[in-house]
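Asker: Fold the following and give me the result.
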Amino acid sequence: MLRLPPFELRQPTTLAEAADMLASEGPGARLVAGGTDLWPNMKRRHQQAATVISLMRIPGLREIGNGGGDLTLGATLSLHEVATHAAVRAAYPALAAAVESISSPPLRHMGTLGGNVCVDTRCTYYNQTEEWRRSIDYCLKEAGEICWVAPGSKRCLAHTAADSAPILCALGARVRLASAAGDREIPLTDLYRDDGIEYLAKRRDEIVTAILVPASAGAPRCRTAFWKLRRRGTIDFAVLSSSVALWLAPGGAIEAAEIYLGAVSSRPLRATAACDFLVGKRPLPDVLREAAELARKPATPFDNTDFQAQWRGVMVSRYTEAALREAAGLERQRMAPSHGLAAEPAGRRG
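Answerer: Modelled structure (predicted):
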């Protein structure tokens with residue numbers, strides 16, 4: 001049995017108290033919400049902490065609101081609460097589908113939205129027991145000197161594992177950060193770095209307190225879809241995901257498009273050429289197929305997760321085409337992932 005190492009647990013009841021604790025404790029402190037990522041990582045000695053500061057007794061972090069039109073999702077809302085909330089399902093159904101695809105029901109009741117947005121990157125050579133990692137020598141992500149995925153690489157290639165992040169990026173979401181030095185809001189896309197180790201751009205003393213999803217990305221103005229590839233229909237992390245948001249003009253042409261890929265890079269990857277290609281065109285099958293092929297070009301899956309990297313690369317275009325077709329309201333041509341909302345008819349998705 002893997003056991004947690006010794007640490008001091010702090011449980012503040014206000015955000016100001018939590019921010020002061022984080023600032024004063026130094027680099028030996030870590031934040032925890034649902035703990036579905038941190039506790040297993042500490043048991044496997046991926047991560048260490050002298051002090052763990054829990055956010056779960058701060059009531060203001062578990063609220064949902066839409067003041068001013070934008071939807072504000074508190075960081076410690078459970079994944080289950082987000083996926084099943086009426087406002088999320090009605091206006092942002094692909095976000096509900098993405099969150100509903102995460103892990104299994106028990107863990108969705110424990111895990112939080114803020115925790116998923118900040119979830120650690122993953123790699124076949126890193127997400128193993130301490131004994132396994134030590135036997136082959138530690139990798140770059142664990143203070144080693146080599147990336148076992150690409151030995152010639154100077155940076156860690158562990159891939160993003162947050163299913164909520166790509167669709168939130170596609171929707172143009174912002175993240176609210178708090179610290180003892182003050183609060184700020186940034187685009188969620190700016191929260192991520194293309195680095196498997198230093199994958200978050202926020203400061204160490206900052207706390208993710210809320211995600212803000214713009215009203216302009218809500219249905220029916222914006223049509224969305226989320227497709228996720230994994231070996232099993234539940235529990236497993238994604239080996240590929242495609243998140244699509246299309247804004248259609250009254251005449252049916254695409255005014256704006258956002259496509260973000262998950263699990264193929266150390267951060268949610270924008271398919272910029274595909275997005276640019278779609279603007280001004282009608283969402284016809286041939287157009288969507290060509291855009292999906294363009295989405296394949298920036299994606300460079302590595303041999304750091306399940307399935308062969310080359311096959312995952314091919315699936316980028318296949319899954320992106322399927323997501324584009326669903327968002328455009330076209331007939332589905334291949335079997336959809338088995339997670340919750342994705343099983344509904346395309347016409348019911350916004």
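Asker: Enumerate every residue touching residue 157.
Answerer: By C-beta atoms under 8 Å, 6 or more residues apart in numbering, the residues touching residue 157 are 123, 147, 149, 150, 196, 266, 302, 304. All C-beta spots, glycine's among them, are computed from the backbone N, C-alpha and C.
Asker: Out of those, who's the most crowded?
Answerer: The residue in those with the most neighbours, by other C-beta atoms under 10 Å, is residue 196 (27 neighbours).
Asker: quick revisit: the contacts of residue 157 into TSV, with extra columns for pLDDT, distance to residue 295 and secondary structure?
Answerer: Below are the contacts of residue 157 laid out as TSV (pLDDT from 0 to 100; distance: C-beta to C-beta, whole Å; DSSP: H, G, I helix; E, B strand; the rest coil):
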residue	pLDDT	distance to residue 295	secondary structure
123	95	23	coil
147	94	26	coil
149	93	22	coil
150	93	22	coil
196	96	22	coil
266	96	18	coil
302	88	17	coil
304	90	20	coil
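Asker: between those residues, which is closest to residue 54?
Answerer: Of all those, residue 54 sits closest to residue 196, with 26.5 Å by C-beta to C-beta.
Asker: What backbone torsions are found at that closest one?
Answerer: The phi/psi pair for residue 196 (degrees, to the nearest 10) reads phi -70, psi -20.
Asker: just residue 261 next, same as before
Answerer: phi -110, psi 140.
Asker: Who are the contact partners of the closest residue to it other than its chain neighbours?
Answerer: Closest residue to residue 261 apart from its sequence neighbours, by C-beta to C-beta, 6 or more residues apart in numbering: residue 269 at 4.5 Å. Counting by C-beta under 8 Å, 6+ apart, residue 269 touches 166, 260, 261, 262, 298, 299.
Asker: Please identify, among these, the one with the most neighbours.
Answerer: Top of those by neighbour count (other C-beta under 10 Å): residue 166, with 31 neighbours.
Asker: Verify the stated contact: that one with residue 259.
Answerer: No. Residue 166 is beyond contact range of residue 259, at 9.0 Å (criterion: C-beta atoms under 8 Å).
Asker: Need the residues touching each of those two.
Answerer: What both residue 166 and residue 259 touch, as defined by C-beta under 8 Å, 6+ apart, is the set 242, 243.
Asker: partner residues bridging residue 210?
Answerer: Beta-bridge pairing for residue 210 (DSSP bridges): residue 74, residue 176.
Asker: Now for it, how many residues are close by?
Answerer: Neighbour count for residue 210, taken as other C-beta under 10 Å: 23.
Asker: same check, this time on residue 222
Answerer: Neighbours of residue 222 (other C-beta under 10 Å): 25.
Asker: So in this protein, which helix runs the longest?
Answerer: The residue-count maximum for a helix in the chain (DSSP state H) belongs to helix 309-328.
Asker: Hmm, residue 49 and residue 28 touching each other?
Answerer: Yes. Taking contacts as C-beta under 8 Å, residue 28 lies within contact range of residue 49: 6.5 Å.
Asker: Of the two, give the one with the bigger neighbour count.
Answerer: residue 49 (21 against 12).
Asker: The closest residue to that one other than its chain neighbours pairs with what?
Answerer: Excluding the flanking residues, the one nearest residue 49 by C-beta to C-beta, 6+ apart is residue 30, at 4.1 Å. Beta-bridge pairing for residue 30 (DSSP bridges): residue 52.
Asker: I'd assumed residue 53 was in contact with residue 30.
Answerer: Yes. Using C-beta under 8 Å, residue 30 is in contact with residue 53, at 7.2 Å.
Asker: Let's see which of the contacts of residue 269 end up in helices.
Answerer: Short answer: the contacts of residue 269 in helices (DSSP H) are residue 166.
Asker: Just list the residues touching residue 303, thanks.
Answerer: Neighbours of residue 303 in contact, by C-beta under 8 Å, 6+ apart: 124, 149, 309.
Asker: ok, these vs residue 170, which is closest?
Answerer: The closest of these to residue 170 turns out to be residue 309 (C-beta to C-beta; 23.7 Å).
Asker: separation between that closest one and residue 129?
Answerer: Taking C-beta to C-beta, to the nearest Å as the measure, residue 309 falls 24 Å from residue 129.
Asker: ok, now how distant is the residue nearest to residue 49 from residue 175?
Answerer: Residue 30 sits 19 Å away from residue 175, going by C-beta to C-beta.
Asker: for residue 226, same thing?
Answerer: Using C-beta to C-beta, residue 226 is found at 19 Å from residue 175.
Asker: These two: who's more crowded?
Answerer: The neighbour comparison of residue 226 against residue 175 (other C-beta under 10 Å) goes to residue 226, with 34 against 25.
Asker: Surely residue 8 and residue 53 touch.
Answerer: No. Residue 8 sits out of contact with residue 53 when judged by C-beta under 8 Å, with a separation of 9.4 Å.
Asker: Neighbour count: the two, which is higher?
Answerer: Between residue 8 and residue 53, counted using other C-beta under 10 Å, the more crowded position is residue 53 (21 against 12).
Asker: gap between that one and residue 122?
Answerer: When residue 53 is compared with residue 122 (using C-beta to C-beta), they lie 24 Å apart.
Asker: for residue 82, same thing?
Answerer: From residue 82 across to residue 122, the span is 21 Å (C-beta to C-beta).
Asker: low-confidence ranges in this structure?
Answerer: Applying pLDDT under 70 to the chain flags the ranges 338-350.
Asker: mind listing the strands for it?
Answerer: Here the chain has its strands, by DSSP state E, at 8-10, 29-32, 51-54, 64-65, 71-74, 174-179, 182-187, 207-213, 222-229, 240-248, 254-262, 269-270.
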